[in-house]
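S.K.: Whatever this is, show me its structure:
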Amino acid sequence: SRHIGKKHHTLIFLLSATHKTEDSFCRGYQSTDGKMQADIYLLVPHKDFSATPQSILLHEIGHMINLALTGAMEVQPDDFQVVSALLHLNLDGVDSKEFFAHCFAMSLLMEPELTSADPFTMVPKTDKTVFRTYFTYKLKTAE
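M.R.: Numbering: from 1, shown residues only. The predicted structure is shown next:
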């Protein structure tokens, strides 16, 4: 949490409503001190029924980590492309901000307490370990 909110509070809204296009989202805004901030809105899923509440929350936190690292959710850290290259992933046509958030979620969903909530069972544990290593490094060096 010290990486996400810094000195700001992060609000997580649990709403019993649906959105036209999203099952959940992270809304960014500029706070009164000029820093970018974001809140999470968790809605009633109506698109992705393989996702779990845990994976959805971690995915949205991934967007907040991205914001904390780069100042924008649309821009990923330059070295994130190295992760894709190491795993020989073809990301042509992939929404990089969504992939970044998925990778963050996968890096934590491999914890024994969360494996039952992991919808990314098709992703090898070795790949998830690479994601874990990357995010651990990024968060340690961001302090």
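S.K.: just checking, what packs against the lowest-mean-pLDDT helix or strand in the chain?
M.R.: None of the helices or strands of the chain scores lower by mean pLDDT, DSSP states H and E than helix 80-86, at a mean of 84. On a contact count with 3 or more Cβ pairs under 8 Å, 6 or more residues apart in numbering; DSSP states H and E, helix 80-86 meets helix 96-109, helix 125-142. To be clear about C-beta, it is placed using only N, CA and C from the backbone, and glycine gets the same treatment.
S.K.: let's go with 10 Å and repeat that
M.R.: helix 53-70, helix 96-109, helix 125-142 (3 or more Cβ pairs under 10 Å, 6 or more residues apart in numbering; DSSP states H and E).
S.K.: residues in contact with that helix?
M.R.: 66, 69-70, 76-77, 89-91, 94, 96, 99-100, 103, 127, 130-131, 133-135, 138 (Cβ atoms under 10 Å, 6 or more residues apart in numbering).
S.K.: and Asp39, that's in a helix?
M.R.: No. Under DSSP: H, G, I helix; E, B strand; the rest coil, Asp39 sits outside any helix and is assigned strand.
S.K.: one step back: save the helices and strands packed on helix 80-86 as CSV, and put in distance to His46 and mean neighbour count too.
M.R.: Listed next are the helices and strands packed on helix 80-86 as CSV, based on distance: least, Cβ to Cβ, whole Å; neighbours: other Cβ atoms under 10 Å:
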stretch, distance to His46, mean neighbour count
helix 53-70, 12, 21
helix 96-109, 18, 21
helix 125-142, 27, 15
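S.K.: so which of the ones you listed comes closest to Asp118?
M.R.: Nearest of these to Asp118, taken as Cβ to Cβ: helix 96-109 at 4.0 Å.
S.K.: So for this structure, which residue is the most central one in space?
M.R.: Note on the chain: the residue nearest the mean C-alpha position is Gly62, at 1.9 Å, using Cα atoms, centre = their mean.
S.K.: where's it relative to Val83, distance?
M.R.: Distance, Gly62 to Val83, using Cβ to Cβ, to the nearest Å: 13 Å.
S.K.: Tell me the residues that contact both of those two, please.
M.R.: Residues touching both Gly62 and Val83 by Cβ under 10 Å, 6+ apart: 99-100, 103, 135.
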